[in-house]
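> with the sequence up front, the predicted model follows.
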Amino acid sequence: MSIFFFAPNPEIAETYRRVLSHVQDRVQVIEAHMDKAVALARTLAEQGAEVFVARGGTARRLMADDIRVPIVEIHLTSGDMAQALSEARSLSRSERPVIAVVAFPNMVQNLLDFEPFLNVNLFYYQLDSESDAPILVRTAIADGAQVILGGALTTQSVKSLGVPAVLLRTGESSIRQALEEAQRIVYARKLEARRANELKAILQYAYEGIIAINSSGHVMVFNPVAQSVTGLSEEQALGQLASKVIPSIRLNEILEGGNEHVGQIMDFGRSKVMINRIPIHVGGEIVGALATFQDVTRIQSLETRIRREIYSKGHVAKFCLEDIRGTSPVLTRTVETANRYAQVESTVLIHGESGVGKELFAQGIHRASGRADGPFVAVNCAALPESLLESELFGYVEGAFTGAVRKGKPGLFELAHRGTIFLDEISEIPLSLQGRLLRVLQEFEVVRLGHDRVIPVDVRVLCTTNRDLSRLVEEGSFRQDLYWRLNVLSLAIPPLRERPDDVLLLVDEFLRLLDSGKHEKIRFTQNAADFLTRYPWPGNVRELKNFCERLMAVSQGEEVDEAFAKRLLEHREQAQATFELHADPRDVERALAAAGGNMGQAARMLGIHRATLWRRRKRILSSVNGKR
């Protein structure tokens, strides 16, 4: 039940039930009058009643009481009053009877307008309270009233006084009108409750803090985020003056000045927030003020997530330090050092020969760091032409150069925001770009090509080289200030020849990864195992992996002897010579001579990228021409 009709006596209650029989599952008729009705209404309100319907004095009492449920008053229609007056006139033998109306004012609105049409003397005695009824009835009789007309209180008071009384009855039309109004209220309350729940859900689960005040400056809205940021509970804030409980938000300024303040950074206790403060207008009048704000740290976190989801798909580190196989003391110490480096934010310069696994260590450091959830953006500085390297690193805007992608493109430093950028073969960055790279590493800000807007980036830098950067500094091909900016933490990766005990372990691991079933059939003679352990592996782990792939491809399950292993390595003597060439300062020219001038073959012999070989040869030629 959601609608309750209060009837003052059994007769009217019965009329209500008869008229309301078609909605009896949603409406209940209760026989209760005045104080009794008020007491019942309070209990029903606590139980969820939505509308009370009453008439006369009971309706007035309910409206005057602090009951937070809508009250619908039953108004007597003109027909109801005309019928009551006609009945009162018939009870008197006088040609022009004297009729006294003793009732509350809300029951007899416009009743006196009927007097000219009924040939009666009509007098009105207004009830203000329940206790007035007996007194006013006696007064009316003393004044010569022949018939008393009124509600339940009045007719009850007349019973023992010997004067006829007529009850102002509620007609069916009045009851139906009251029911329709009550039903409209129930619908409106349900709609309002639904909207209130929707608004509550929005406020409860909004990522922004929301505080609103009314025209008097009292806090009316204070959602959970606002509680978290301010440290105040909802109970401490709601209904209080904002100027007292949260003075730093200064909403009174908005209320008084009527101006918007959007996008301001403000200290809120121990938090720094971005806040918007705006006035609330209704009908051209300021009726309150609203503040919405977000913790700057959360905004930065969301920015990082957006950047990662939009731009950085695929920029992930696949390997961790635990994936590095080997038990030799030198490798174990190197992994331990890498783990310690992972716990700080400093730049790490990883150096070692080609093929030792420098990128594997870089990925492992990233995965072991506090940036593990961020992107890992790798760029091979030797593989990109100088003309493209700048735009790839720093990005560009639309129209920055011929062929630029429409709408521009973020650079790799932007993609690495809140993560790690891995600059492989850092020694190959052209001298013309080294100054700009240095500025980025110092300021952690980038400017896209063709633009002047500064974009802050939060990145950790890891870089690798297989060359002696200090020697390049002496030669003038690498900036000294950039060298010292990069060489904060140094990590030397040992070549495979310095950890021979790891060779057979790695062979078994690579064969297992290449084919988990077939590798179990491959066996090495003792001579072959000794040979693999003694072999200098100039191409390091990369060469060893290539050896395992060739072995897996050609092996038929027979036992591998030393001769077979040598053939797979394309003659030990040639490989040893290649290693010596790689270590010699004149490696480029010697490798080119050995390869008959073939750039690709020479690069493979040296274990470097063809573009890297091309750059090194260009530098040598420039140096020779300069000396001439």
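That came through fine.
> can you pull out the strands in the stretch 451-600 of the chain?
All strands of the stretch 451-600 of the chain, identified by DSSP state E, counting those that start in this stretch, fall at 454-456, 459-465, 489-492.
> tell me which of these sits nearest to residue 616.
Nearest to residue 616 among the strands of the stretch 451-600 of the chain is strand 459-465 (12.5 Å), distances taken as C-beta to C-beta. (C-beta placed from N, C-alpha, C; glycine too.)
> tell me which strands the closest one pairs with, and in which orientation.
Counting by DSSP bridges, the strands paired with strand 459-465 are strand 348-351 (parallel), strand 419-424 (parallel).
> that strand - what's its average pLDDT?
Mean pLDDT, strand 459-465: 94.
> kindly format the C-alpha coordinates of it as PDB.
Taking Å, rounded to 0.1, in the frame of the first residue of the first chain, the C-alpha atoms of strand 459-465 are listed here in PDB:
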ATOM      1  CA  VAL A 459      60.800   8.500 -19.200                       C
ATOM      2  CA  ARG A 460      63.700   6.400 -18.100                       C
ATOM      3  CA  VAL A 461      66.600   6.000 -20.600                       C
ATOM      4  CA  LEU A 462      68.500   2.800 -21.200                       C
ATOM      5  CA  CYS A 463      71.000   2.700 -24.000                       C
ATOM      6  CA  THR A 464      73.500   0.300 -25.400                       C
ATOM      7  CA  THR A 465      76.700   0.400 -27.500                       C
END
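> that one: which residues count as buried?
Neighbour-count burial for strand 459-465 flags 459, 460, 461, 462, 463, 464, 465 (criterion: 16 or more other C-beta atoms under 10 Å).
> just these now: which is nearest residue 351?
Within the buried residues of strand 459-465, the smallest distance to residue 351 is 5.2 Å, found for residue 465 (C-beta to C-beta).
> show me the contacts for that closest one.
Listed by C-beta atoms under 8 Å, 6 or more residues apart in numbering, the contact set of residue 465 reads 349, 350, 351, 425, 426, 427.
> tell me how many other residues crowd the third one.
If I follow you right, that is residue 351. Neighbour count of residue 351, defined by other C-beta atoms under 10 Å: 20.
> relative to residue 424, how far out is the closest residue to it other than its chain neighbours?
Among residues not flanking residue 351 along the chain, residue 465 sits closest, at 5.2 Å (C-beta to C-beta, 6 or more residues apart in numbering). For residue 465, the distance to residue 424 equals 9 Å [C-beta to C-beta, to the nearest Å].
> any chance of TSV for the contacts of residue 465, columns distance to residue 25 and pLDDT?
Putting the contacts of residue 465 into TSV (distance: C-beta to C-beta, whole Å; pLDDT from 0 to 100) gives the following:
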residue	distance to residue 25	pLDDT
349	82	95
350	80	95
351	86	93
425	83	91
426	82	92
427	87	90
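> dump those residues to JSON lines, plus distance to residue 222.
Listed next are these as JSON lines, based on distance: C-beta to C-beta, whole Å:
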{"residue": "349", "distance to residue 222": "52"}
{"residue": "350", "distance to residue 222": "52"}
{"residue": "351", "distance to residue 222": "57"}
{"residue": "425", "distance to residue 222": "56"}
{"residue": "426", "distance to residue 222": "53"}
{"residue": "427", "distance to residue 222": "59"}
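> ok, back up a step: any idea which of the strands of the stretch 451-600 of the chain gets closest to residue 338?
Short answer: strand 489-492, nearest of the strands of the stretch 451-600 of the chain by C-beta to C-beta, at 6.1 Å.
> is it true that residue 155 lies in a helix?
Yes - counting by DSSP: H, G, I helix; E, B strand; the rest coil, residue 155 falls inside a helix.
> coming back round to it: make CSV out of the strands of the stretch 451-600 of the chain and add distance to residue 443.
Converted to CSV, these look like this (distance: least, C-beta to C-beta, whole Å):
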stretch, distance to residue 443
strand 454-456, 8
strand 459-465, 12
strand 489-492, 20
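> ok, residue 447 - contacts?
Taking C-beta under 8 Å, 6+ apart, we find residue 447 in contact with 394, 453, 454, 455.
> pretty sure residue 529 is touching residue 508, no?
No - in this structure, residue 529 is not within contact of residue 508 by C-beta atoms under 8 Å, at 11.0 Å.
> what do these two both touch?
By C-beta under 8 Å, 6+ apart, residue 529 and residue 508 have no common neighbours.
> host element of the closest residue in space to residue 542 that isn't next to it in sequence?
Spatial nearest neighbour of residue 542, excluding adjacent residues (C-beta to C-beta, 6+ apart): residue 355 at 3.2 Å. Under DSSP states H and E, no helix or strand contains residue 355.
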